[in-house]
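Undergrad: Sequence first, then the predicted structure:
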Amino acid sequence: MKTSLFFSILVSSILLLSCDIIEGDPYVRNNNNSDPVELDTVKRVLLLEFTGQKCPNCPEGHEQIQQLKNFYGSRFIPVAIHAGYYAIPSSTYPIDYRTTFGTNFHNLFNPTSYPIGMVDALKHENLQTHGFWSEKVAEQMNRTSHLAINFESQIAVNQLNISVEVRSRHAVLPEESYRLYTLLIEDSIVGRQANGATSIADYVHDHVVRHGFTSHLGDSISLFNPQQRRKVSYQTSINEQWRIQHLSVVAFVVNSNDEVVQSGTKKLSTSN
Amino acid sequence: MKKYIYALISMLIALSVDAQEDPKGQFSGNFQIDGQTYSNDSLTGAEEVPEKMLMNAYGNLRYNYGNLTLGIRFEAYLNTLQGISKKYDGTGIPYKFFTYKNEELEITAGNFYEQFGTGMALRAYEDKMLGIDNAFEGVLTRYNPIHGVFFKGLVGKQRNYFELGPGIVRGLDGEINLNETFALDSLETQIILGGSLVSKFQPDKNPTLILPENVLLCAGRIQLQRNGLGLLTEYAYKINDPSADNRYNYQPGQAILSDLTFNGSHYGFLLGFKWLNNMSFRSDRSAQENQLLINYLPSIAHNHIYSFAAMYPYATQLNGEAGARAEVFYRFQRETFLGGKYGTLITLSYSRVNSIDTTNLPMLDSVYPHPSHYKTTFLSIGNTRYYEDFLIEIQKKISPTINTTWHLQYTAYNRQVLEGKDGMIEALIGIADITFRLRPRHSLRTEFQYLNTKQDFGNWVGATVEYTVSPHFFVAVVDQWNFGNPNPEKQLHYYMARAGYTRGANRIQIGYGRQRLGVICIGGVCRVVPASTGFNFSISSTF
């Protein structure tokens, strides 16, 4: 009895000692970030991140986003929604990144910790801290979509006109209701950001929601026939704080189960 | 799962029939029900909940028959009290086990709690106040082959609310008491040596990183005891364990904890230090907050009892901290100058926690940080103060019927590091706790507290009056007034009335009042308790 137990303990110890030491560069860089062709239905994955300039842990989330962006290229679409306690401006953090859309959308889910985000879903139970994003994004990348999203934009004097076209590859049952969300986001905004116990004065904020063309509940759309197109047009005045060259439109379609079935984005400066 | 639970319950019932015939069989257990109503209170920011009332409850049932012990615990969170994760919402039997034990060997199958050494390598425990339960589900073996030698081995997954975490944990701990094993009866110093190996496995599903799927932590400890003097030191080393906690840092982690204690007849002291770097160790590398922690890193700071003294509590920083604590108490004898007629106990305590000294390593390129993020030196101390407190406490009986405790404390609390909010909070706290014994079994306890700070919510004053008829009944009223709040509209009274009745193993307590927004910490682990207003009740029973 004693001998066999000692032997078991010895074997267990040897097994325990098997550990994986990663030496050198641990980053996987062989990405597949080629842009899908026009009107294709390749699945893009959306991350809706709740963040704020005073949030000390949010740069960790942004680091994750940058790595995912680097890996998946245009198939990964991050959106940074500045809302909640950490987004309230103060004397140290004077810039207000909040929007009506962002605040209303934030209050639908009422997150209690930051950074936190939802990957391809609009559900409270899908709110996940940044440690979970990578695996969830990878999982969603394997899914398919039957929708394609295209954009057109026109900049008139102080006016931005956007049209979003959603096309389905196959027939959609009438009872399937969809909601379309269309947002304007801006990259490369330089401003102060809390970072752990310190703060960074010239932090670069990317994917920041600047305007919601739709409300926080989205717009209902219907798609009954194969190849049917739904085109929705929006317009808004151009805010003098926005820099056109850094603006992009993001649109995503949500089904009745609050799952994001497709999303897309286009930079304004490169759109027609 | 259900089949498993039904089978266990059936076994319990079947055994109970035998138990009635066999006096060796014995049931034991306990129940605990905690409930609270929540009302809107625009002044405190407390919000009504859709359910109006929330409740946490559980019941343990154990059955012991000879060498065999079986047990289950039913838990109900309908819905979970505020401040505890809503992921507990629901009911279930998350804890069930059976244990066989003879003179040398003990085997548990099912759920179990366990601790290796001080817990730096492994500690599975529950704390309902904090909403922590990281019990294992698997197999645990304890083996005592010869006198003074103990082995423990386990394999299991950890509880994650009503589910299990994705990682598998394997652990082995050995301990030898040299005095017992080698019959060193003449040696006055007790010497105990111990060592632990803990390994976790979690598949790598991350597309952007190469992650270690097996992570090993090893630890060694020594415990010496001679008369009233004791020394306990444990060192732990962990190989690369990138996780959400450490921002996917690949450098190894290490920690050391050491306590030197002395307990004499009139005086005693404690000298302790702790240093750790990158020692978060969870069975899910994506987990956060109090989820799926395999090890436990206790707080080096003094554990405060009074509410204002504990208003700014310290939480262990898993990614790195250097702390030290010194505490001394002296009991002045009766009929001496400072001892007076009944003696006086004076306690002095000082603790301080700083960052560790680190130097950032350059990024590999514009996107990828250096895999080790920074470099540091073992036992280095950084310049950032995380926490500091100093207190003097005097316990003095001034007449046959009056006992007093006087407490003065300074606390510095780095809110930026500990809560992610602006700035450092410095507070001065004074407390007087006076108990009058009115007549046999009847006592009146009064407690006055004052907290002075220029930061956070400003100054507070508090009073408690508690009347006890021991051992059955108590009634208390408490008021905490935030008279120094910079916002005059928030200069509120947080009042509370409560009463409790205990008879035998049963206890019932009810209360009503306002709870301020605060942080509760136990052993360096904390949770935020939101403001609330309403009735609360607690029922417990043991059998």
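TA: Noted; the coordinates are in hand. Numbers count the residues shown, from 1 in each chain, chains lettered A, B, ... in the order given.

Undergrad: low-confidence ranges in the chain?
TA: Just going to use chain A. A:1-18, A:29-40, A:157, A:170-176, A:223-228, A:269-272 (pLDDT under 70).

Undergrad: wait, chain B
TA: Checking chain B against pLDDT under 70 turns up B:1-24, B:366-367, B:519-528.

Undergrad: Go again with 50.
TA: B:17, B:19-20 (pLDDT under 50).

Undergrad: The residue in chain A that chain B sits nearest to: what secondary structure?
TA: Here chain A gets closest to chain B at one residue, A:Gly131, 2.5 Å apart by CB to the nearest CB. Every C-beta, even on glycine, is put in place using the N, C-alpha and C of the backbone. Classification of A:Gly131 by DSSP: H, G, I helix; E, B strand; the rest coil places it in helix.

Undergrad: quick one: it and B:Gln288 touch, right?
TA: Yes. Look at A:Gly131 against B:Gln288 with CB atoms under 8 Å: they come within range, at 6.3 Å.

Undergrad: any shared contact partners between those two?
TA: B:Ala244, B:Asp245 (CB atoms under 8 Å, 6 or more residues apart in numbering or on different chains).

Undergrad: OK, contacts around the residue of chain A closest to chain B?
TA: Going by CB under 8 Å, 6+ apart, the list of residues near A:Gly131 reads B:Ser243, B:Ala244, B:Asp245, B:Arg285, B:Ser286, B:Ala287, B:Gln288.

Undergrad: how about the helices in the chain?
TA: Going with chain A. Applying DSSP state H to chain A gives helices spanning A:2-16, A:58-72, A:100-109, A:133-141.

Undergrad: Correction: the question concerned chain B.
TA: B:2-21, B:178-181, B:415-418.

Undergrad: which other helices and strands contact the second one?
TA: It stands for helix B:178-181. The helices and strands touching helix B:178-181, judged by 3 or more CB pairs under 8 Å, 6 or more residues apart in numbering or on different chains; DSSP states H and E, are strand B:190-201.

Undergrad: near chain A at all, the strand it packs on?
TA: Yes. Shown here: strand B:190-201 in contact with chain A (CB under 8 Å from any CB of the partner chain) through B:Leu197, B:Val198, B:Ser199.

Undergrad: Show me what the last one is bridged to.
TA: Legend: beta-bridge partners of B:Ser199 under DSSP bridges are B:Arg170, B:Leu216.

Undergrad: Could you give the residue of the stretch 101-250 of chain B that lies closest to chain A?
TA: For the stretch 101-250 of chain B, CB to the nearest CB, closest residue to chain A: B:Ala244, 2.5 Å.

Undergrad: Tell me how many other residues crowd that residue.
TA: Neighbourhood size, B:Ala244 [other CB atoms under 10 Å in any protein chain shown]: 23.

Undergrad: Same check on B:Lys375?
TA: Neighbours of B:Lys375 (other CB under 10 Å): 13.

Undergrad: same thing with B:Leu271?
TA: Residues near B:Leu271, counting by other CB under 10 Å: 15.

Undergrad: and the closest residue to it other than its chain neighbours, what does it touch?
TA: Sequence neighbours aside, B:Leu260 is the residue nearest to B:Leu271 in space, at 4.6 Å (criterion: CB to CB, 6 or more residues apart in numbering or on different chains). Contact analysis of B:Leu260 by CB under 8 Å, 6+ apart lists B:Leu229, B:Gly230, B:Leu231, B:Leu270, B:Leu271, B:Gly272.

Undergrad: got those as a markdown table, with distance to B:Gln158 columns?
TA: Shown next, in a markdown table, are the contacts of B:Leu260 (distance: CB to CB, whole Å):
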| residue | distance to B:Gln158 |
| --- | --- |
| B:Leu229 | 37 |
| B:Gly230 | 31 |
| B:Leu231 | 32 |
| B:Leu270 | 32 |
| B:Leu271 | 34 |
| B:Gly272 | 28 |
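
Undergrad: In strands, which of these fall?
TA: B:Leu229, B:Gly230, B:Leu231, B:Leu270, B:Leu271, B:Gly272 (DSSP state E).

Undergrad: Any of those residues buried? List them.
TA: B:Gly230, B:Leu231, B:Leu270, B:Gly272 (16 or more other CB atoms under 10 Å in any protein chain shown).

Undergrad: In TSV, list those along with distance to B:Ser399.
TA: Output for these, formatted as TSV (distance: CB to CB, whole Å):
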residue	distance to B:Ser399
B:Gly230	36
B:Leu231	41
B:Leu270	31
B:Gly272	37
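
Undergrad: give the contact list for residue 147.
TA: All of this refers to chain A. A:Thr41, A:Val166, A:Arg167, A:Ser168, A:Arg169, A:Leu223, A:Val253, A:Val261, A:Gln262.

Undergrad: actually chain B
TA: B:His147 touches B:Glu180, B:Thr181, counting by CB under 8 Å, 6+ apart.

Undergrad: What of the one 3 residues further on?
TA: B:Phe150 makes contacts with B:Arg142, B:Tyr143, B:Asn144, B:Gly174, B:Glu175, B:Ile176, as judged by CB under 8 Å, 6+ apart.

Undergrad: if we can go back for a sec, which one of the ones in strands among the contacts of B:Leu260 sits closest to B:Gly90?
TA: B:Gly272 (40.6 Å; CB to CB).

Undergrad: Cheers, nothing more for now.
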